[in-house]
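Predicted model and sequence below, questions to follow.
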Amino acid sequence: MNIYVANIPWKASEDQLKDLFAQYGEVTSAKIIMDKVTQRSRGFGFVEMGDDNSGRTAIAELNGRDFLGKSLVVNEARPREERPARSGGFRRNDFN
DNA sequence: GTTGAGCGC
């Protein structure tokens, strides 16, 4: 279950985020997105949970909840940009 | 040492 977490305070770390979600289920991995150049916290991150049910529970319980003084925004994450290597599949002009 | 809408490489 991929979960998108926004409105994260800049003082928060991945461990705190993982610990926060671990209360509602097994957290496979927690990651806070940092800036590419300055490596500073962008204020949002992603949490992956083992159980989809626990993930939904964590979303329902942590969405809008206070976290280090900021109101968290928790939602289901969108599928990441897939990195097409050399997938022998369809091409965009195969319709011709 | 700063900032606060938004989706990661």
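Good, I have the coordinates. This is a predicted model, so every value here is computed, not measured.

Show me which residues of chain A sit near DNA strand B.
Residues of chain A lying near DNA strand B by Cβ under 7 Å from any atom of the strand: A:2, A:4, A:6-10, A:29, A:31, A:33, A:36, A:38, A:40-44, A:46, A:48, A:70, A:73, A:75-78, A:80-81, A:83. Yep, even glycine has a C-beta here, placed from its N, CA and C like the rest.

where along chain A do the helices fall?
Remark: helices assigned in chain A by DSSP state H are A:14-22, A:52-62.

Tell me how many other residues crowd the closest residue in space to A:Asp66 that isn't next to it in sequence.
Distance criterion Cβ to Cβ, 6 or more residues apart in numbering; nearest residue to A:Asp66, sequence neighbours excluded, is A:Leu72 at 7.4 Å. Neighbour count of A:Leu72, defined by other Cβ atoms under 10 Å: 19.

contacting residues around A:Leu72?
When contacts are counted by Cβ atoms under 8 Å, 6 or more residues apart in numbering, A:Leu72 touches A:5-8, A:62-66.

Go again with 7 Å.
For A:Leu72, the contact set (Cβ atoms under 7 Å, 6 or more residues apart in numbering) comprises A:5, A:7, A:62-65.

what about the residue positioned nearest the centre of chain A, distance to A:Thr28?
In chain A, the centroid-proximal residue (Cα atoms, centre = their mean) is A:Phe46; its distance is 1.6 Å. For A:Phe46, the distance to A:Thr28 equals 11 Å [Cβ to Cβ, to the nearest Å].

Where does chain A get nearest to DNA strand B, residue-wise?
A:Gly43 (2.0 Å; Cβ to the nearest atom of the strand).

what's the closest non-adjacent residue to that residue?
Taking Cβ to Cβ, 6+ apart as the measure, A:Gly43 lies nearest to A:Ile8, with 5.3 Å between them; neighbours along the chain are not counted.

Which residues belonging to stretch A:19-38 are considered buried?
Counting neighbours by 16 or more other Cβ atoms under 10 Å, one finds that the buried residues in stretch A:19-38 are A:20-22, A:24-25, A:27, A:30, A:32.

do the same with stretch A:57-65
Going by 16+ other Cβ under 10 Å, stretch A:57-65 has these buried residues: A:57-59, A:62.
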